[in-house]
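[1] give the three-dimensional model of this entry:
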Amino acid sequence: MMKPDAMTTDQLRLRLREAGMRPTRQREELADLLFRDGDRHVTAEVLHREAFQEGIQVSLATVYNTLHQFTRAGLLREVVVDSGRAYFDTNTAPHHHFFNTASQDLTDIPSDSVAVGDLPLPPAGTEIAGVDVVIRITPRQS
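    Presented below is the predicted three-dimensional model:
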């Protein structure tokens, strides 16, 4: 049984086309893995492993390229938690995140649960497009 947030293959194809992308087999297969279970956070390595487990023949480089294409097209949101780790979020609505440094899990925080004020003026000729907050958490030491 498909989850309520899951998309059909036709919906995935339409979403790719609306984003200006040709729905190739690999894009469709990766999009299915990303979007079939509703909102989630995934790294390229995790998506590559899931693809391999499903019998999808795709290189890690192709997974990275596809994730970045989906991000540029507005289908995903990239969340950088440190210089060596980025997650791709299927929830593109404004929101923030908790990052658990022990489990490496990323958890959504509703945008109205975080208040950010007193932002500096942006450099001349630019404007602030958004603010993404990542709050690092760790298990309490007993």
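
[2] close enough to count as contact, residue 88 and residue 69?
    No. Using CB atoms under 8 Å, residue 88 makes no contact with residue 69, being 11.1 Å away. The C-beta positions use only the backbone N, C-alpha and C, and glycine is treated the same way.

[3] which of the two has more residues huddled nearby?
    residue 88 (24 against 17; other CB atoms under 10 Å).

[4] now could you export just the CA positions of the helix or strand containing that one as CSV?
    Residue 88 belongs to strand 85-89 when assigned by DSSP states H and E. Only the C-alpha atoms of strand 85-89 are listed here, as CSV (Å, rounded to 0.1, in the frame of the first residue of the first chain):
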residue,chain,number,x,y,z
ARG,A,85,28.2,16.3,4.9
ALA,A,86,25.2,17.4,3.0
TYR,A,87,21.6,16.1,3.2
PHE,A,88,19.0,16.4,0.5
ASP,A,89,15.5,17.2,1.9
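
[5] re earlier: need the residues touching each of residue 88 and residue 69.
    The overlap between the contact sets of residue 88 and residue 69 (CB atoms under 8 Å, 6 or more residues apart in numbering) is empty.
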